[in-house]
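> Got a predicted structure here, sequence first:
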Amino acid sequence: MKTAQQLVADAKTRIQEVSIDDLEQALHSDALIIDTREPAEFADHSIPQAINLPRGVLEFQLANHPAVAASGCAPEVALEQLKSRPTYLICRSGGRSALAADSLQKMGLEKVYSVAGGMQAWVDASKPVDK
């Protein structure tokens, strides 16, 4: 048996974590910012440009991300368009985003980053948020 924390620790051995400063720099690029928190958490406050795809549905909804959904292409083609695009994942503290990063890498995304410390670190550092 493994605890949730053990699963997160295991995922972190296979993913790349970045700082909130790295994420802030990514806001000025074509990177995708995906918030994996639940909708109520996202509605309370979020990072500018972030799209909410909760951890529980992320893999199923990724092909519907606005960056590719407008093209109307098949899910496989949409995912191919996201394959090499930098994708930053954030949650409350970094656990869900680590699990999500591990999963998206398994789906074939090549530039996936989990934000260490999550929204808690972002807010504690007085970084910009949308309310």
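Looks like it arrived, so ask away.

> Lys2 - how many residues pack around it?
Here the count is done by other Cβ atoms under 10 Å, and Lys2 has 9 residues near it. Every residue, glycine included, has its C-beta placed from N, CA and C.

> count of neighbours near Lys131?
When neighbours are defined as other Cβ under 10 Å, Lys131 has 6 of them.

> Now it: closest residue in space that isn't a chain neighbour?
In space, and not counting its chain neighbours, Lys131 is closest to His45: 5.4 Å by Cβ to Cβ, 6 or more residues apart in numbering.

> Please tell me how far the one you found sits from Arg55.
In this structure, His45 and Arg55 are separated by 18 Å, where distance is defined by Cβ to Cβ, to the nearest Å.

> what sits against the residue positioned nearest the centre of the chain?
Centroid-nearest residue in the chain, with Cα atoms, centre = their mean: Leu89, separated by 1.8 Å. With contacts taken as Cβ atoms under 8 Å, 6 or more residues apart in numbering, Leu89 has the following neighbours: Ile34, Asp35, Thr36, Ser97, Ala100, Ala101, Leu104, Val112, Tyr113, Ser114, Val115.

> For it, give me phi and psi.
Main-chain torsions, Leu89, degrees, to the nearest 10: phi -110, psi 140.

> What separation do you get for it and Ile15?
Relative to Ile15, Leu89 is positioned 9 Å away (criterion: Cβ to Cβ).

> number of nearby residues for Ser93?
The burial metric for Ser93, expressed as a neighbour count using other Cβ under 10 Å, is 16.

> Could you look up the SS state of it?
Using DSSP: H, G, I helix; E, B strand; the rest coil, the structure places Ser93 in coil.

> Which of His45 and Arg55 has more residues huddled nearby?
Of the pair His45 and Arg55, Arg55 is the one with more neighbours under other Cβ under 10 Å, namely 19 against 13.

> Name the helix or strand for that one, please.
With secondary structure defined by DSSP states H and E, Arg55 is part of neither a helix nor a strand.

> quick one: it from Ser84, how far?
Looking at Arg55 against Ser84, where the rule is Cβ to Cβ, the gap reads 23 Å.

> What of Glu24?
Between Glu24 and Ser84 the distance, using Cβ to Cβ, works out to 22 Å.
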